[in-house]
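> What would the 3D arrangement of this be:
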Amino acid sequence: MLINHLLPCGTLTDAGSSFWRTLSINEKLDLLFFLRSVRMLDRRMVLWQRQGKIGTYAPVEGQEAAQVGSAYALDKKDWVFPSYREQGVAFTFGISTTSIIQYWSGRIEGCKPPIGYRYVPPTVPIATQLPHAVGAAWSIKKKKETGIAIAYFGDGATSEGDFHEALNFASIFDLPVLFFCQNNGYAISVPFAEQSATKTVVEKASAYGINAYQVDGNDVLAVYHVVKTAKSKRKPALIEAVTYRTGAHTTADDASRYRPEGEVRIWLNRDPLYRYEQLCLKEGLLDEDQIEKQDQQVAKELDRTMREVEKSHPNPSSLFTHVYHQIPDWLKKQQEEAANDVNHGSIHC
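Numbering: from 1, shown residues only. Just a heads-up that it's a prediction; the model follows:
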């Protein structure tokens, strides 16, 4: 059964009303701030990619509630294992926009979280982060720590062997790990119905005997509530956030070739930001002028951050590190040549 707290029009369900009353004003406003900031960041990243300022980019628009709601339920003692589309998770969890932009610019600095944050670099290979999250959860249990591990992935990852191995291991050892699937309907261009005999992701949990939740991934309140609840149990759980990416898989993709226009329009009417913003306006938490002023401040900060990233120069030595434990002589020679070229002005980064 799909868990839902907030309808597309911005009206609370009965369960949503009960949960809404438990939240402080600051929590309610935080969720709106993160939703709006992530969307603004995402749209700017697409624009910057078109301008050649960053590389190929995976847009997150449409999935903001799934990412913001889940990440808002986490804290610094938790281990986070993201895939390549988790900009909303990163921003909400506390990763700087500088780091996010650096990652998509191909900079090694973008893979290093702030001190004290257990946020590993985004994983591009499909589903490989799931066993990693299980390993972290096993360590948490062995050390009797209080945190949990969470792995983020898309519906396509459920067809990988790593998905089975991770859920099976987590189940056997009863580990504090959450498997958070953002089912946006497509594994790049392959619809979910063509890659899975089950109609949902969440029903796969029964094979492993673990907790399962299916939540409206466009409902930030329901996602926050579900992850907060699952986290408190400190047991393995599979969470399916039913959502949709309104844009392409990446900026190198043409989604119109495999998605019908009518389907996209249906999901645009379920926009996660619009419904929560309408709720906040109805509740009198802020007005449209305040929202616009906040947007201007966020936009100004994002543009400033991009300018700073563009001014900074990457260290060419990063091309040679983190590959070999001991750099081979032939590669060491190239590293020295690159360093000499930089010192003599032959390379301009």
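> C-alpha only now, for contacts and for neighbours.
Fine.
> Assign a three-state SS to Tyr276, would you?
helix (DSSP: H, G, I helix; E, B strand; the rest coil).
> shouldn't it be in contact with Phe33?
No - contact criterion Cα atoms under 8 Å: Tyr276 and Phe33 do not qualify, at 10.7 Å.
> Same drill for these two, tell me which one is more crowded.
In this view Tyr276 and Phe33 are compared by other Cα atoms under 10 Å, and Tyr276 has more residues nearby, 27 against 18.
> ok, the more buried one - contacts?
Shown in contact with Tyr276 (Cα atoms under 8 Å, 6 or more residues apart in numbering): 6, 10, 32, 219-220.
> again with Val298
Residues in contact with Val298, defined by Cα under 8 Å, 6+ apart, are Ser37.
> name the element it belongs to?
Element membership of Val298 [criterion: DSSP states H and E] is helix 288-311.
> Spatially, what comes nearest to Ala151 if we skip its sequence neighbours?
Once flanking residues are discounted, Ala151 sits nearest to Phe81: 4.7 Å by Cα to Cα, 6 or more residues apart in numbering.
> How about the contacts made by that neighbour?
Residues near Phe81 by Cα under 8 Å, 6+ apart: 119-123, 129-130, 132-133, 149-152.
> Equivalent analysis for Leu238, please.
Residues near Leu238 by Cα under 8 Å, 6+ apart: 178-181, 202, 205, 210-213.
> run the last query once more with 10 Å
Contacts for Leu238 (Cα atoms under 10 Å, 6 or more residues apart in numbering) come out as 151, 167, 177-181, 201-206, 208, 210-214, 230.
> Report the buried members of the residues you listed.
151, 167, 177-181, 201-202, 204-205, 208, 210-214, 230 (16 or more other Cα atoms under 10 Å).
> now the helices: where do they sit in this protein?
Using DSSP state H, the helices of the chain run over residues 14-20, 25-50, 64-72, 87-93, 97-104, 129-143, 161-173, 220-233, 261-268, 272-282, 288-311, 329-343.
> quick one: which of these is nearest Phe320?
Ranking these by proximity to Phe320 (Cα to Cα) places helix 329-343 first, at 6.6 Å.
> Could you give the separation of the closest one from the chain centroid?
37 Å (Cα atoms, centre = their mean, to the nearest Å).
> and if you look at stretch 133-149?
With Cα atoms, centre = their mean, you get 21 Å for stretch 133-149.
> How about stretch 244-258?
The gap between where stretch 244-258 is centred and where its chain is centred comes out at 17 Å by Cα atoms, centre = their mean.
> tell me, what residue is most central in this structure?
Glu86 (2.1 Å; Cα atoms, centre = their mean).
> hmm, back to that, how far does the helix holding Val298 sit from the chain's center?
Computed by Cα atoms, centre = their mean, the chain-centroid distance of helix 288-311 equals 21 Å.
> Repeat that for stretch 201-219.
Relative to the centre of its chain, stretch 201-219 is centred 18 Å away, using Cα atoms, centre = their mean.
> Endpoints of it, how far apart?
End-to-end distance for stretch 201-219, by Cα to Cα, to the nearest Å: 18 Å.
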